[in-house]
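Chemist: Next come a sequence and a model predicted from it.
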Amino acid sequence: MEHINIVAVLVATVANFFVGFLWYTPLFGKAWAKENGFDMSVKPEGNVIVKGMIMNLIGNFFMAFVMASNVMAWGFVPETQTMSVGIQIFNSAFFTWLGFFVPIDLNSVAWEKKSWKLFAINTGYHLMMTIVSSVILMLMK
């Protein structure tokens, strides 16, 4: 824990907040809302938006903090230190996404009857989150 750069964690938290905004607003917001059955003409109340943003920031912090631990853990894998930073970033991001996010996203298709399109939007975001976090955490360690 003492080797985790809390500034890097905070930077990754804020960066992922903006990635989420871009992902679920201009890039895929309409498709995401349609796949979830949301009426885009109905705007949520201000307190609902604030609550969602606060919860998102908290979740982003948890993810970045755990990702920082994951990035450190990859340093103990034999031969990792001889790999380029790009390969180290890929390993920590991709395998975290594959092992922790993809199974949950697949379950939403299998058990919640969510569409494959929604799966692609959400799991794409989760992959982007892990990449952004991994880049920041690796470059700021």
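Modeler: Now that the structure is in, tell me what you want to look at.

Chemist: Every contact and neighbour count from this point should use C-alpha atoms.
Modeler: Noted.

Chemist: Quickly note the distance from residue 55 to residue 48.
Modeler: Residue 55 sits 11 Å away from residue 48, going by C-alpha to C-alpha, to the nearest Å.

Chemist: ugh, wrong one, I meant residue 37
Modeler: Applying C-alpha to C-alpha to residue 37 and residue 48 gives a distance of 18 Å.

Chemist: just residue 98 next, same as before
Modeler: For residue 98 relative to residue 48 (C-alpha to C-alpha), the value is 31 Å.

Chemist: Settle it for me: which of the two has more neighbours?
Modeler: Each of residue 98 and residue 48 has its neighbours counted (other C-alpha atoms under 10 Å); residue 98 has more, 14 against 11.

Chemist: Backbone dihedrals for that one, both of them.
Modeler: The phi/psi pair for residue 98 (degrees, to the nearest 10) reads phi -60, psi -40.

Chemist: can you list the weak-confidence ranges in the chain?
Modeler: Residues of the chain that meet the criterion pLDDT under 70 lie in 1.

Chemist: who does the longest helix anywhere in it touch, helix- and strand-wise?
Modeler: What stands out as the longest helix in the chain, according to DSSP state H, is helix 46-74. Contacts defined by 3 or more C-alpha pairs under 8 Å, 6 or more residues apart in numbering; DSSP states H and E place helix 46-74 against helix 6-22, helix 85-96, helix 116-139.
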